[in-house]
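>>> based on what follows, work out the 3D shape:
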Amino acid sequence: MNRLKALAVSTIVATFFLLSSSASNAQLNFSNPGNEATRSSGIKIILVSPPGVFLKPGSETTNFVQVCSLSEAINIVLDDVGENKIEFKEPIVNMCDNNKIENLDQYVQLDKPAEVTVNSNLAPQLNKPAEITMRNLPFDEEPAIEVDGKKATEKDVENKVWDQNKKTLKFTAKHFTTYKAVAQNTPTTPTNSTPTVKHNLVNSKNLLLLGLSSLFILLLMLTGSIFIFKLRKKKTSVQPENTPPQI
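Numbering: from 1, shown residues only. Okay, the predicted model is just below:
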């Protein structure tokens, strides 16, 4: 019986010692450089939320507390309700950082109608393919897409879908910079050559007509002057018959 009691006590003491050791190893460290709490296993604990522009009622913005594991964030969604949304399809390395999450609006702008900007120079980890949704667009037909002011090519976008009823445009951005939806008939780069040529042609025609009109008027005036001059000369050369001869 004494041996059984001693064995039980030893088991309890060993169990307590193991639990204490595990709790100590799992203690959160709030003083690391990234300002995130980190367990000894490497899992980062996010203590902040993204800026308010991403957290409007109905927003689909990712809860970073749930998706951050190690240094990788998966299935990231950034949403400005009523305007634009970005859905990253690939894991983003070095995104689970309180400072980055708290200042997301310095890297990502979704609040402009029909325009999405991700500054991949400041946040290179965000330069990954993602699905962009632009809502409430002011177009009566499918808009075109510009990338940094130039017409988008297959190197920039793919899987473009336009919902005429919802006025929503979805497409996959292959890299990140500024994407903007524009009307199809809006020139992406201003060109004045054609309008200038037409304008010059119109001006040339007008000048030609003005010149011809002026010449015609001058001819009329010249003809009239010649006629009047001849008529006066004829009158002065003819003397009346009853004029007495001069002595």
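
>>> what number of residues lie near the spatially closest residue to H175 that is not a sequence neighbour?
Among residues not flanking H175 along the chain, N127 sits closest, at 5.8 Å (C-beta to C-beta, 6 or more residues apart in numbering). Placement of C-beta: from N, CA and C, glycine included. Other residues near N127 number 17, with proximity taken as other C-beta atoms under 10 Å.

>>> distance check, N127 against I92.
From N127 across to I92, the span is 10 Å (C-beta to C-beta, to the nearest Å).

>>> name whatever forms a beta bridge with the residue nearest to F176 when sequence neighbours are not counted.
Of all residues not flanking F176 in the chain, V118 sits nearest, at 3.9 Å (C-beta to C-beta, 6+ apart). With DSSP bridges as the criterion, V118 is bridged to V108.

>>> what about V118, distance to Q106?
Applying C-beta to C-beta, the value for V118 to Q106 is 11 Å.

>>> any idea of the pLDDT on the residue nearest to F176?
On pLDDT, V118 comes in at 97.

>>> surely it touches L126?
Yes - contact criterion C-beta atoms under 8 Å: V118 and L126 qualify, at 5.3 Å.

>>> touching both of these two, which residues are there?
Y107, V108, F176 (C-beta atoms under 8 Å, 6 or more residues apart in numbering).

>>> so how do I select the buried members of those residues in ChimeraX?
To isolate the buried members of the shared contacts of V118 and L126 in ChimeraX, using 16 or more other C-beta atoms under 10 Å:
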select :107,108,176
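
>>> which among the shared contacts of V118 and L126 gets closest to T61?
V108 (10.5 Å; C-beta to C-beta).

>>> separation between the closest one and I145?
In this view, V108 and I145 are 18 Å apart by C-beta to C-beta.

>>> same thing with G211?
Per C-beta to C-beta, G211 is found 49 Å from I145.

>>> between the two, who's got more neighbours?
Between G211 and I145, counting by other C-beta under 10 Å, I145 is the more crowded of the two (22 against 10).

>>> work out for me the element that one sits within.
Using DSSP states H and E, I145 sits in strand 144-147.

>>> again with Y179
Element membership for Y179, per DSSP H and E: strand 178-182.

>>> and that strand, which strands flank it?
Applying DSSP bridges, strand 178-182 is found paired with strand 115-118 (antiparallel), strand 144-147 (antiparallel).

>>> now those strands as a markdown table including distance to K155?
A markdown table is the format used below for the strands paired with strand 178-182 (distance: least, C-beta to C-beta, whole Å):
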| stretch | distance to K155 |
| --- | --- |
| strand 115-118 | 17 |
| strand 144-147 | 9 |
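
>>> ok so, going back, and the strand holding Y179, what's buried?
Here strand 178-182 shows Y179, K180, A181, V182 as buried, counting by 16+ other C-beta under 10 Å.

>>> let's see stretch 164-179 as PDB, backbone CA atoms only.
Backbone C-alpha positions of stretch 164-179 (Å, rounded to 0.1, in the frame of the first residue of the first chain) are rendered in PDB as follows:
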ATOM      1  CA  GLN A 164     -24.000  44.800 -66.300                       C
ATOM      2  CA  ASN A 165     -26.800  44.600 -63.700                       C
ATOM      3  CA  LYS A 166     -24.700  45.100 -60.700                       C
ATOM      4  CA  LYS A 167     -22.200  47.400 -62.400                       C
ATOM      5  CA  THR A 168     -19.400  45.200 -61.100                       C
ATOM      6  CA  LEU A 169     -16.100  44.400 -62.700                       C
ATOM      7  CA  LYS A 170     -14.000  41.400 -61.700                       C
ATOM      8  CA  PHE A 171     -10.600  40.500 -63.000                       C
ATOM      9  CA  THR A 172      -7.300  38.900 -61.900                       C
ATOM     10  CA  ALA A 173      -4.400  41.300 -61.500                       C
ATOM     11  CA  LYS A 174      -1.100  39.500 -62.300                       C
ATOM     12  CA  HIS A 175       1.000  42.000 -60.400                       C
ATOM     13  CA  PHE A 176       0.500  45.100 -58.400                       C
ATOM     14  CA  THR A 177       0.500  48.800 -59.100                       C
ATOM     15  CA  THR A 178      -2.600  51.000 -59.900                       C
ATOM     16  CA  TYR A 179      -5.500  49.500 -61.800                       C
END
